[in-house]
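*Asks:* Have a look; sequence and predicted model below, questions after that.
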Amino acid sequence: MLAAVVMPDHVHLLVQPFEGVSLSKLLYSIKNHSAHQITIARGQGGSVWLDESMDRIVARPYRA
């Protein structure tokens with residue numbers, strides 16, 4: 001993870017997946033683990049994240 005911003009109702013992450021790991025698999029892992037930890041901290045079950053994600057690929061600027 002290169003950067004993270006936690007907002008009241010959503011999160012922004014800037015990540016660079018390891019080679020061979022898809023962005024969708026990485027996001028699934030992050031959402032799954034964080035949802036589990038949040039439900040433990042809350043002491044109650046229920047959904048944490050929406051099924052959708054607004055993932056975008058950000059390219060590095062070319063430098064000669």
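*Replies:* Cool, got the structure.
*Asks:* Read off the pLDDT value for the nearest residue to residue 58 once chain neighbours are set aside.
*Replies:* Nearest residue to residue 58, sequence neighbours excluded (C-beta to C-beta, 6 or more residues apart in numbering): residue 14, at 7.1 Å. Every residue, glycine included, has its C-beta placed from N, CA and C. Looking at residue 14, its pLDDT stands at 88.
*Asks:* give me phi/psi at residue 14?
*Replies:* Note on residue 14: its backbone torsions stand at phi -120, psi 110 [degrees, to the nearest 10].
*Asks:* any idea how far it is from residue 47?
*Replies:* Per C-beta to C-beta, to the nearest Å, residue 14 is found 25 Å from residue 47.
*Asks:* Kindly report the same for residue 7.
*Replies:* 18 Å.
*Asks:* looking at this structure, which helix or strand does the model trust least?
*Replies:* One helix or strand of the chain scores below all others by mean pLDDT, DSSP states H and E: strand 11-14, with a mean of 87.
*Asks:* What residues sit buried inside it?
*Replies:* Judged by neighbour count using 16 or more other C-beta atoms under 10 Å, strand 11-14 contains no buried positions.
*Asks:* The very next helix or strand once past it packs against which elements?
*Replies:* Sequence-wise, the next helix or strand downstream of strand 11-14 (DSSP states H and E) is helix 23-42. Taking 3 or more C-beta pairs under 8 Å, 6 or more residues apart in numbering; DSSP states H and E as contact, there are no helices or strands that helix 23-42 lies on.
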